[in-house]
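K.L.:
build me a structure from this.
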Amino acid sequence: MLSQTSEHAIRALLYLAGRPASGAVSADEIATAIGAPRNYLAKTLNALAHRGLLSAVRGRGGGFMLEVDPSSLPIARIMELFEPAPERPLCLLGGRRCDARRPCDAHARWTAMWRESMAPLETTTLGDLLSDAPAMSDGLSGRACYAQSTS
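P.N.:
This next block holds a predicted model:
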């Protein structure tokens, strides 16, 4: 469901959101922490900065800082930067597009199911993911397990 770029973006944002506010974090540090290729992640981080989700600090001691409140950042907003917009499903009865003006017999139910499948991405925020992270047996929060969860 997620592209690798979206997954890296979400994991990088979670990493930054889970850190105490202590200045910019280098792309190298983020890449190491989440187990992502540095050059690939740097492009992803720059795209997030271009869209205002991160700020980028150049030069020695530079890096990236989160610019938005994690509790106001829906996962869908992150994904839409890297994923093509999900298309409405084709008509189940004939492979054509149908709509409210020209619905097929399955239109209402199929459209409702499609909307319901998208709702969690639109209503779950980065902050929700952080608050749901269970404590780990070593006393660390679930935020410490980024590199272990690579796909």
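K.L.:
tell me what the lowest-mean-pLDDT helix or strand in the chain is packed against?
P.N.:
Every helix and strand of the chain was ranked by mean pLDDT, DSSP states H and E. The lowest is helix 107-123, at a mean of 83. Of the remaining helices and strands, those touching helix 107-123 by 3 or more CB pairs under 8 Å, 6 or more residues apart in numbering; DSSP states H and E are helix 75-79. From N, CA and C alone the C-beta is placed, and that goes for glycine too.
K.L.:
for the helix it packs on, what is the average pLDDT?
P.N.:
In this model, helix 75-79 has a mean pLDDT of 92.
K.L.:
for it, give me every contacting residue.
P.N.:
Contact with helix 75-79 is made by 2, 6, 9-10, 13, 48, 53, 118, 120-122, 124-126, 129, as judged by CB atoms under 8 Å, 6 or more residues apart in numbering.
K.L.:
I only care about those residues that end up buried; give me the PyMOL line for that.
P.N.:
Here is the PyMOL selection string for the buried members of the contacts of helix 75-79, based on 16 or more other CB atoms under 10 Å:
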select buried, resi 2+6+9+10+13+48+53+121+125+126+129
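K.L.:
no further questions, thank you.
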